[in-house]
Structures are given as C-alpha cells and as structure tokens.
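Asker: When you get a sec, could you give me coordinates for this:
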Amino acid sequence: MSENNNGDVCVSDVNADTVVVVEKTGRVRFRYDGTPATIEESFDPRGIVTDALSQIIVTDINNNCLHILDQNGQFLRCVDDCGLEEPVGLRVDIEGKLWVGSLDKVKVIEYLQNK
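Answerer: Numbers count the residues shown, from 1 in each chain. All right, here's what the predicted structure looks like:
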C-alpha cells in the first residue's frame with residue numbers, strides 16, 4: 001500500500017490480481033488489471049510505490065517487470081529490460097532511484113526518462 005501525493009491510497013490486491021486506487025473518502029477512483037501492457041503471463045501485482053511525480057509503480061512477479069501508471073491510472077510503460085526476477089518489493093529513495101527487491105537480491109534502477 002502507498003499514499004500518493006494527491007492523497008489517494010494505492011493498493012496491490014494480490015487476490016484479485018488488480019491495483020486499486022481510492023480517494024481519501026474511500027471512493028474507488030480506478031482499478032488496473034495489467035491492461036493495456038503487453039505481458040505474456042497473467043498480471044500478478046505485489047509491491048507498490050508512488051514517486052514524486054505521483055506515478056504509481058507496481059511489481060509484476062509473473063512477468064518479471066514493473067508497470068508504471070500515471071496518477072489517473074493510465075498505463076505509461078513497463079520496465080522489463082533490467083533483468084528483474086520475481087520482483088516483490090519497491091521503494092523510491094530521495095534521489096528518485098527505484099529500489100526493487102526480489103526473493104534473493106535488490107536492484108537499484110534509474111527509471112525516470114526525463115528528470
């Protein structure tokens with residue numbers, strides 16, 4: 001679970017294979033099920049974090065990638081070219097680097113295209 005800069009609460013629901021984002025009032029703003037990302041296996045979200053740009057970043061353990069959404073749930077891109085294996089945990093540090101934890105290691109990724 002992560003709180004975005006706009007006050008939304010972002011949750012990865014591993015039972016429903018969905019990301020759910022709700023407003024402060026509890027009203028559901030949107031759900032994300034991995035569509036329209038081009039993925040081979042079913043979407044299996046685990047770790048979730050938001051960044052300084054209010055982007056929502058979610059690990060997808062089945063596809064060994066990260067899904068990046070804007071604050072309104074629009075799919076921006078997948079990060080799948082950095083050798084991730086079963087990513088489950090995420091943190092963004094003060095410099096904007098993304099720390100991705102898997103079952104046996106941690107990778108640091110500079111994922112922002114334009115700082």
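Asker: measure the residue most central in space within the chain to Asn64 for me?
Answerer: Centroid-nearest residue in the chain: Val58, 1.6 Å away (criterion: Cα atoms, centre = their mean). The gap separating Val58 from Asn64 is 13 Å, by Cβ to Cβ, to the nearest Å. All C-beta atoms are positioned from the backbone trio N, CA, C, and that covers glycine.
Asker: repeat for Arg31
Answerer: From Arg31 across to Asn64, the span is 23 Å (Cβ to Cβ).
Asker: Kindly provide the whole-number mean pLDDT of the helix or strand harbouring the residue nearest to the centre of the chain.
Answerer: In this assignment (DSSP states H and E), Val58 forms part of strand 56-60. Averaging pLDDT along strand 56-60 yields 97.
Asker: and it, what does it pack onto?
Answerer: strand 9-13, strand 18-22, strand 45-50, strand 65-69, strand 89-92 (3 or more Cβ pairs under 8 Å, 6 or more residues apart in numbering; DSSP states H and E).
Asker: closest to Glu110 out of those?
Answerer: Closest to Glu110 of the helices and strands packed on strand 56-60, according to Cβ to Cβ: strand 89-92, at 11.0 Å.
Asker: Show me what whichever helix or strand comes after the closest one is in contact with.
Answerer: Next in sequence after strand 89-92, counting helices and strands by DSSP H and E, comes strand 98-101. By Cβ atoms under 8 Å, 6 or more residues apart in numbering, the residues outside strand 98-101 that reach it are 47, 49, 51, 57, 59, 66, 84, 87-93, 106-111.
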